[in-house]
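Enquirer: Build me a structure from this.
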Amino acid sequence: MHANVGDKLLVHGRTVGQHDRTAEVVEVLGQKGDPPYRVRFDDGHEALVSPGPDTVVRPHERA
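Expert: All right, here's what the predicted structure looks like:
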C-alpha cells in the first residue's frame, strides 16, 4: 500500500454494525509512501496507523 499526504484512507468496518471510517493522511512515516501513516479522522482524532486489507487509499485530487 502506498499513500501521500492529502490522500484519504477508507477503513471498512470489520464487524456487523461497525461503520466505515475516513481519515486524511497528514504524514507519511515510511519510505516511498509506505506505512505507517499519521492520519486525522473526520472527528478530529489523530492516530498512527499501518493499514490492513480492510483499508482503501483514495488519492487526493490535485488541481
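
Enquirer: Kindly state the beta-bridge partners for the residue positioned nearest the centre of the chain.
Expert: Among the residues of the chain, the one closest to the centroid is Leu9, at 3.0 Å (Cα atoms, centre = their mean). Legend: beta-bridge partners of Leu9 under DSSP bridges are Ala23, Val57.

Enquirer: Contacts only, for it.
Expert: Taking Cβ atoms under 8 Å, 6 or more residues apart in numbering, we find Leu9 in contact with 3, 22-25, 37, 39, 49, 51, 55-58. Quick note: C-beta positions are derived from backbone N, CA and C, even for glycine.

Enquirer: of all those, which two lie farthest apart?
Expert: Using Cβ to Cβ, these span at most 14.8 Å, a distance reached by Val49 and Arg58.

Enquirer: next one: phi and psi at Lys32?
Expert: Dihedral angles of Lys32 (phi, psi; degrees, to the nearest 10) stand at phi 60, psi 40.

Enquirer: quick one: contacts for the residue nearest to it when sequence neighbours are not counted?
Expert: Closest residue in space to Lys32, ignoring its immediate chain neighbours: His2 at 7.1 Å, by Cβ to Cβ, 6 or more residues apart in numbering. Going by Cβ under 8 Å, 6+ apart, His2 touches 32-34, 57.

Enquirer: State whether His2 is indeed within a helix.
Expert: No - with DSSP: H, G, I helix; E, B strand; the rest coil as the criterion, His2 is assigned coil and is not in a helix.
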